[in-house]
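Peer 1: This is a predicted model, with the sequence first.
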Amino acid sequence: MSVTLAALTCLLSVSAQASSTVVCYAKDKAIDVELHGSAGRSVGSAIGAFGGEAEFKMPWMPPAARRVTFEAEHLTQTWYDDREIRLAVSWIKDGKEPSPELTLIIKTRRVRGDDSPYRGQYQLVAHLPDEAGTKREVQGKIECSAD
């Protein structure tokens, strides 16, 4: 019984280190965003259980895209290793009415040791649903953590 208990304890401790929770957040005059997901720590692991919410405060942002909920299908690219977290999230409103196409690109790097946050920049690219397909961009600081 003690051997089984010891083996189970080892398995649980390995499982606990096999993945981490990734959270990215930014709040400034243009956006208020929080993204989260679960990431494996092995090479090639994807971020799963992805989701998040954003509020885009720019006056030129159409009302249909001011508050957005992100789901796994919106996460289009990921890069996660010990030193960097990079994400690309794309969103367009479902339905027949015109919608902006939004792409949020996040590039962060761990600043110090293993327990330090990842800090970097976000870039939001919006293609507006006007006749010209106007492209607007905003950039700012973002921080991520992984535990």
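Peer 2: Thanks, I have the structure now.

Peer 1: Contact partners for the most centrally placed residue in the chain?
Peer 2: The chain has residue 35 as the residue nearest its centroid, 4.4 Å off, counting by CA atoms, centre = their mean. Applying CB atoms under 8 Å, 6 or more residues apart in numbering, we find residue 35 in contact with 22, 23, 24, 25, 50, 51, 52, 70, 87, 89, 106. Just so you know, the C-beta spots here come from the backbone N, C-alpha and C atoms, and that holds for glycine as well.

Peer 1: Let's see that with 10 Å instead.
Peer 2: 22-26, 47, 50-54, 70, 74-75, 87, 89, 104, 106, 122, 142, 144 (CB atoms under 10 Å, 6 or more residues apart in numbering).

Peer 1: What of residue 66?
Peer 2: Per CB under 10 Å, 6+ apart, neighbours of residue 66: 54, 55, 56, 57, 58.

Peer 1: Tell me the bridge partners for the nearest residue to the second one once chain neighbours are set aside.
Peer 2: In other words, residue 55. Nearest non-adjacent residue to residue 55, counting by CB to CB, 6 or more residues apart in numbering: residue 32, 4.4 Å away. Residue 32 has these beta-bridge partners by DSSP bridges: residue 27, residue 55.

Peer 1: Hmm, residue 32 is touching residue 57, no?
Peer 2: Yes - if you go by CB atoms under 10 Å, residue 32 and residue 57 touch, sitting 7.1 Å apart.
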